[in-house]
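Trainee: okay, here's the prediction I keep looking at, along with the sequence it came from:
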Amino acid sequence: MAAQFEDEKPGRVLAGPAALLLGTVALAVGALALWQVFRPLAEGSKYYLIIFLAGVLPLVFLAYPADLPRWARPRRPRRATDRTDHAASTELTDSTARTDSTESTASTRPTVADWLLAALTVAACLYPVLPIRIGTGGGGYNAFLDRQGLLAPTDLVLGTVLLVLLLEACRRTTGWILPAVCLLFLGYGYYGGLLPQSWPVAHAGLDFGQLVDAFYNSDSGFYGTPLDVAASYIVLFTIYGAVLELSGAGRFFVDLSAAAFRRSRTAAGRTAVASGFLLGTVSGSGAATTVSIGAVTWPLLRRAGYPPERAGGMLAAAGVGAILSPPTLGAAAFIIAEYLGVSYLQVLGWATVPTVLYYLGILLSVEIDARRSGVRPVVLDVGSPWRLLGRFGYHFASLIAIIVLLAVGVSATRAVVFAIVLTAALSWLDRTHRLTPARLVTALVTGVRGVLAVTAVCAAAGIITATTTKTGLGPQAAALLIGGAKAATSDPTLVLVLTALLAAVALSLLGLAVPVTASFVIGWVIVGPALLDLGVAAPAAAMFVFYFAVLSEVSPPTALAAVAAAAVTGGRLVPTMWQTLRYALPAYLTPIAFVITPAGLGLLGIGGVPRIAFAAVVTALSVAVLAVAAGGWLPGVGPAGVPERVLGALGGVTLLWLEPVPVRVGVALAAVAAAGVLVRRGSTGRPRTPTKVRPRTPTEEKL
C-alpha cells in the first residue's frame, strides 16, 4: 500500500529497458526532491519545478498506456486471400484473436509513439533552462524569464506543445473529463471576449499568445502553486508512504485493528473501519486505501454475513477517510496551506475534529447494521493487541515524529524526511522487513511513481488558475453565485445558507467529473471568493471546499472508492455506491456547519476551548442522530419507523446550525424521535432478533 495522492487509471507493469529507465529517472527525481529540502537550488523554486516536471512528466507516457478507443487503434491491413468464405471467416477470427493477444501483450510495454511523446516532453519541459539559442528564443533560464509577456515564436510553439502533452498525460492517468474541463477554460479565455459585455462572466478577451504566456512563463500557470505542492510536499509523502509500507506498517495496522476488536460482536466491521483510519494516516488516496483494507478485511466481513454491497459501502466510506485523516491528508490539503499562507500543522488541526466525527458516523452505522441485519460474530485469532503493540508499536513512531516536529516549528518537508529516516532505521527491528539499500531504492522509485498522476493533474490545474486570474472569472462567478441566493431572499443569514447549499451542490457536481486536487483548485477559485465575500473565515471556506472535493469519491454515479470496493467484494456497483453514500451521509452535512455560523469554526479547532467543545459535542450528537435516521435502528431499543426517521433527520440537520435556539429545537426533535421508537417497541413487544445465518458447527467461526 504505497501512498498515492490521486486516484488514477491502471498503469503498465514495465520490464526490460523501459523499467530500467523509469527506475533510474524516478530514483534521480526522488534524490533531487530530498536534496532540495536541505540544499535548495540556487536558481530558485521555479527552476526546480521545471527540472522536476521534466523528470516526472515523460514517465507518464512510459508508465501509462494510451488506452485509445477500439475505433481509434491502428489496425493491421487485411491480407488478400482466395479461400472459401468459411475458411476466410475462420482465418479472420483467428487473426482477430491473435491481434487482441498482441495488443494485450504490447500494452505492457511502451510503443514507439510513447517513446516519441516522452522525448518531446523532455524537450518542451527543459527548453526554458537550456542555454541554447533557438532563433529569437532559448538562451537559458534568465533569458526565458525576461521574455515574460513577449514570447518569442519558439517559446509559443514549445509552450503549446507542453500544453497538449499535459492534456494527454491527464487523459492517460485520470480519463477524459479533466482535459475537457481544461479545454473549456482555455476556450473561455480565448473566446470570452466575444460574449455580450452585459453578461457577468464576459471579459475583454485574450489572444492565444497571451494564454500560452500565462501558462508557460508565469507563476500562476504550469509552474504555479499546485505543481509546487506536488514537487515540494506530495512527492516526499508518497516516498514516506512507500517506505512505511515496505517496513511492514500496513500489515501491522490491520492486525492491530483486528486484535483490538477480536472479542466484539461487530469485530469484522470495526476492523474494517479502524484499518481504514490507520492506513489512511499514510495514504492520500481513497480508492487505494479501499483496495488495501478490502483485500484483508473482506474475507472477515463475508464470514460475518455482510452482503457484498453493504461491505463494499463500508470499505469505500472508510477508505475515503484516508484523504481526511491526519497526518497525511490529500494533496489539496497541502494546497490549502500554500494558498492561505499557513503551516501544514494548522491544516492538520483544522481537520482533526471533522475526521473524528466522520469515523464516528461510520462506526455508528456499523453498529446499527450489525443489530439490524444480525451479522455473525467472528473470532479473530490475531493475539493480544498489547503484544502486537509491544512488538511492532514502533511503526507509530514516525507518525508521532511528524506531528512533534511540526509542533516545534520544523517545516513539513523536513519533518517527513526525518520520518523517512526514522522509519528506515526502525525497520531493522523486524528481520523480514528490514529496509536494506536495495529496498530503500525500491521505496524511492515506488514513491516517485506514485506521484506521476498527481503531478500531471497539478500542472494542468495551472491552465485553470491562470485563466481564472487573467480573466477575473473568480470574482465574477462569486457575484453570480451570491446574486442567485439574493434573488430568493434578502435576509443576510439566509443568503449565506443558500450560497453554502448552492456551493455544496456545485462542488459535488464538479467533483464527479475531475480528481480531488483539480476539484479543489477549481472550487477554490470560483466558490471560495463567494464565501469570503459573505464574511466566512478563510479556514472555514477552504475546508468547506476541501471536504466537498473529497466527498466526490463516494458520490454516485462516479464514486471511485465505491468502484474500487465493488471490484474487491464482487458486489453490484450501483447498490455499492448507495451503501457508501449512506455510510458517509453525515460527512455531507457537517461541512455546512463550518460556514453558516461563527460557532462552526469550533469544529476546526478555532475559537477557544468552550466554542470547540460546544461545536464538537453538538455535531457529534447530530452525526449520531443522522446515523440512526439513515440506518433505521436505535441501538439498545430497536427499529425506527418512517416517522421517527424523518423526525431524526430533521433534528440532526437542525443541530448543525450551531446556535442556541436551533440546537434546542434539534435536541427536542431527536428526543421525540427516540420516544417514538420506544413507543413502537412497547406496542409491538420486544423486537425479534434478526435471523442469523450460522455455520453448521460452531456459532462463531475462527479465522
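Mentor: Perfect, thanks for sending it. Residues are numbered from 1 along each chain as shown.

Trainee: quick one: residues contacting residue 447.
Mentor: Residue 447 makes contacts with 2, 3, 30, 235, 238, 239, 240, 241, 242, 243, as judged by CB atoms under 8 Å, 6 or more residues apart in numbering. Where you see a C-beta, it was placed from the backbone N, CA and C, and this is true even at glycine.

Trainee: if we go to 10 Å?
Mentor: Residues in contact with residue 447, defined by CB atoms under 10 Å, 6 or more residues apart in numbering, are 2-4, 26, 29-30, 33, 234-243, 245, 420.

Trainee: of the residues you listed, buried ones?
Mentor: Among those, those classed as buried by 16 or more other CB atoms under 10 Å are 2-4, 26, 29-30, 33, 234-243, 245, 420.

Trainee: for residue 249, give its distance to residue 604.
Mentor: Taking CB to CB, to the nearest Å as the criterion, residue 249 is separated from residue 604 by 29 Å.

Trainee: neighbour-wise, which of these two wins?
Mentor: Ranked by neighbour count (other CB atoms under 10 Å), residue 249 and residue 604 place residue 249 first, with 28 against 23.

Trainee: and that one, how close does it get to residue 324?
Mentor: From residue 249 over to residue 324 (counting by CB to CB), the distance is 20 Å.

Trainee: with residue 376 instead?
Mentor: Residue 376 sits 31 Å away from residue 324, taking CB to CB as the criterion.

Trainee: the more surrounded of the two?
Mentor: When neighbours are counted by other CB under 10 Å, residue 376 and residue 324 differ, and residue 324 comes out ahead with 24 against 18.

Trainee: so what's that one up against?
Mentor: Counting by CB under 10 Å, 6+ apart, residue 324 has contacts 277, 280, 286, 330, 333, 351-352, 354-355, 357-359, 546-547, 550-551, 587.

Trainee: and for residue 159?
Mentor: 124, 127-128, 151, 208-209, 211-217, 221-222.

Trainee: and which of those is nearest to residue 388?
Mentor: Minimum distance to residue 388 across the contacts of residue 159 is 46.6 Å, recorded for residue 222 (CB to CB).

Trainee: and the closest residue to the closest one other than its chain neighbours, what helix or strand is that in?
Mentor: Of all residues not flanking residue 222 in the chain, residue 462 sits nearest, at 4.4 Å (CB to CB, 6 or more residues apart in numbering). Taking DSSP states H and E as the criterion, residue 462 maps to helix 452-471.

Trainee: what pLDDT, on average, does that helix get?
Mentor: The average pLDDT for helix 452-471 rounds to 88.

Trainee: could you point out which element follows it?
Mentor: Following the chain from helix 452-471 toward its C-terminal end, the next helix or strand by DSSP H and E is helix 473-488.

Trainee: and the angle for that next one with helix 452-471?
Mentor: Between helix 473-488 and helix 452-471, the angle comes out at 80 degrees (axes from the mean of the first three to the mean of the last three CA atoms, to 10 degrees).

Trainee: any idea how far the helix holding residue 462 is from the middle of the chain?
Mentor: Going by CA atoms, centre = their mean, to the nearest Å, the spacing between the C-alpha centre of helix 452-471 and its chain's C-alpha centre is 17 Å.

Trainee: OK, contacts around residue 541?
Mentor: 340, 500, 503, 523-524, 527-534, 594-595.

Trainee: among those, name the ones in helices.
Mentor: Of the contacts of residue 541, the ones assigned to helices by DSSP state H are 340, 500, 503, 523-524, 527-533, 594-595.

Trainee: now the buried members of those.
Mentor: Buried subset of the ones in helices among the contacts of residue 541 (neighbour count, 16+ other CB under 10 Å): 500, 503, 523, 524, 527, 528, 529, 530, 531, 594, 595.

Trainee: quick check, nearest of those residues to residue 44?
Mentor: With CB to CB as the yardstick, the closest approach to residue 44 among these comes from residue 524, at 25.0 Å.

Trainee: that closest one touches residue 549, doesn't it?
Mentor: Yes: taking contact to mean CB atoms under 10 Å, the distance of 8.9 Å between residue 524 and residue 549 places them in contact.

Trainee: common neighbours of these two, please.
Mentor: Listed as contacting both residue 524 and residue 549 by CB under 10 Å, 6+ apart are 332, 507.

Trainee: check which helix or strand the closest residue in space to residue 579 that isn't next to it in sequence maps to.
Mentor: Across the structure, with CB to CB, 6+ apart as the measure, the residue nearest residue 579 apart from its sequence neighbours is residue 313 (2.6 Å). Counting by DSSP H and E, the secondary-structure element that holds residue 313 is helix 308-320.

Trainee: run a quick neighbour tally on residue 63.
Mentor: Each residue near residue 63 was counted by other CB under 10 Å, and the total is 24.

Trainee: now it: how far from residue 458?
Mentor: Summarising the geometry, the distance separating residue 63 from residue 458, computed by CB to CB, is 17 Å.

Trainee: then residue 522?
Mentor: Distance, residue 522 to residue 458, using CB to CB: 13 Å.
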